[in-house]
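Chemist: next one to model:
(one chain, ligands or ions: 1)
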Amino acid sequence: MERLDKFLCDSGAGTRSQVKLLLKAGRVTVDGKVERDNGRKIDPETQQVALDGEILGGRRRIVVMLNKPAGFVTATEDAMDRTVMELLPVSLRAMDVKPVGRLDKATEGLLLFTNDGDLLHRLISPKKEVPKVYYARHEGEATEADIAAFGAGLTLRDGTVCLPARLEPLGPGESLITVCEGKYHQVRRMMASRSMTVTYLERRQEGPLILGSLSRGSCRELTPEEIQALEC
Ligand code: URA
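Modeler: Down below sits the predicted model:
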């Protein structure tokens with residue numbers, strides 16, 4: 001159990017004095033009922049606290065999936081560009097979530113965030129080799145020789161050696177690519193090494209997680225079952 005005002009501060013709702021005013025103004029609910037007593041004790045594990053109707057999470061562990069649009073950089077702050085953090089609602093940003101790995105500014109699709117540092121490091125660890133599936137539109141056409149070269153482990157133009165990967169042509173100038181590592185501009189560089197310049201790239205799957213019908217620019221929390229599958 002902890003004090004409601006402390007919980008609100010820890011959730012990013014404001015300073016102690018700001019939180020007091022929010023409570024006084026009737027903007028905070030506990031399990032759907034307006035609560036004005038800042039000394040009230042709550043159980044963050046079982047009770048739902050909301051500010052202006054938006055549920056706050058305190059310090060509970062959270063994993064979020066975003067369908068990233070092009071034009072946003074994967075960073076927590078940036079002097080030039082809009083960041084993926086701007087696409088998250090305030091209540092999630094207040095929970096101190098960070099992006100898991102990165103997508104290029106022009107790349108769209110599945111990007112995870114979490115406030116669990118251990119999980120974050122496990123997911124981006126090269127040892128984990130989480131398979132990631134990308135849909136690419138590209139110049140040229142993937143051949144049997146390209147598929148074999150991906151399967152054997154490509155050597156990029158700068159000499160970098162990649163782990164074996166899967167190239168599945170879907171039609172002229174369209175392919176699915178599955179990689180188990182996250183080198184800088186990896187898919188674009190792999191395709192370029194086979195003379196297929198990528199013109200569009202979207203991550204559709206990361207480990208057991210599928211982007212599915214989540215609309216571009218939207219995010220959702222993972223279910224406990226999805227988090228468990230991710231940890232396996
Ligand atoms: N590979 C790339 O080239 N870009 C991404 O954003 C992700 C994988």
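Chemist: element containing Leu120?
Modeler: Taking DSSP states H and E as the definition, one finds Leu120 inside helix 117-124.
Chemist: can you give me the distance of the nearest residue to Leu88 once chain neighbours are set aside to Glu77?
Modeler: Nearest residue to Leu88, sequence neighbours excluded (CB to CB, 6 or more residues apart in numbering): Cys219, at 6.0 Å. Any C-beta I mention is one placed from the backbone N, CA and C, and that applies to glycine too. Cys219 sits 18 Å away from Glu77, going by CB to CB, to the nearest Å.
Chemist: can you show me the helices along this structure?
Modeler: Along the chain, counting by DSSP state H, helices occupy 4-10, 16-24, 90-93, 117-124, 144-152, 186-193, 224-231.
Chemist: weakest of the ones you listed in terms of mean pLDDT?
Modeler: Set side by side, those show their lowest mean pLDDT on helix 90-93, which sits at a mean of 81.
Chemist: got a list of what the residue nearest to Leu88 touches?
Modeler: Residues counted as contacts of Cys219 (CB atoms under 8 Å, 6 or more residues apart in numbering) are 64-67, 87-89, 92, 113.
Chemist: swap in 7 Å and give it another go.
Modeler: 64-66, 87-88 (CB atoms under 7 Å, 6 or more residues apart in numbering).
Chemist: again with Glu168
Modeler: 175-176.
Chemist: do Ala50 as well
Modeler: The contact partners of Ala50, taken as CB under 7 Å, 6+ apart, are 29, 56.
Chemist: what bridges to it?
Modeler: The residues paired with Ala50 through beta bridges, assigned by DSSP bridges, are Thr29, Ile55.
Chemist: not including adjacent chain positions, what is the nearest residue to Gly182?
Modeler: If the residues on either side of it in the chain are set aside, Gly182 comes closest to Gly101, at 5.3 Å by CB to CB, 6+ apart.
Chemist: roughly how far apart are the one you found and Glu2?
Modeler: Shown here: Gly101 relative to Glu2, a distance of 33 Å by CB to CB.
Chemist: out of the helices of the chain, flag the one nearest the ligand.
Modeler: The ligand lies closest to helix 186-193 among those, at 3.5 Å (CB to the nearest ligand atom).
Chemist: contacting residues around that closest one?
Modeler: Residues external to helix 186-193 that are found in contact with it (CB under 7 Å, 6+ apart): 134, 136, 138, 154, 156-157, 162, 165, 177, 179, 197-198, 201.
Chemist: just the residues you listed: which are in strands?
Modeler: Assignment to strands by DSSP state E places the following of these there: 134, 136, 138, 177, 179, 198, 201.
Chemist: the first one: neighbour count?
Modeler: This points to Tyr134. For Tyr134, the neighbour count with other CB atoms under 10 Å is 25.
Chemist: which ones are touching it?
Modeler: Taking CB under 7 Å, 6+ apart as the criterion, Tyr134 is in contact with 176-177, 187, 201-204.
Chemist: filter those residues by proximity to the ligand?
Modeler: Among these, the residues that sit close to the ligand (CB under 6 Å from any ligand atom) are 187, 201.
Chemist: in JSON lines, list the contacts of Tyr134 along with neighbour count.
Modeler: Rendered in JSON lines, the data for the contacts of Tyr134 read as follows (neighbours: other CB atoms under 10 Å):
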{"residue": "Leu176", "neighbour count": "16"}
{"residue": "Ile177", "neighbour count": "22"}
{"residue": "Val187", "neighbour count": "24"}
{"residue": "Leu201", "neighbour count": "22"}
{"residue": "Glu202", "neighbour count": "19"}
{"residue": "Arg203", "neighbour count": "20"}
{"residue": "Arg204", "neighbour count": "16"}
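Chemist: I'm done for today, thanks for sticking with me.
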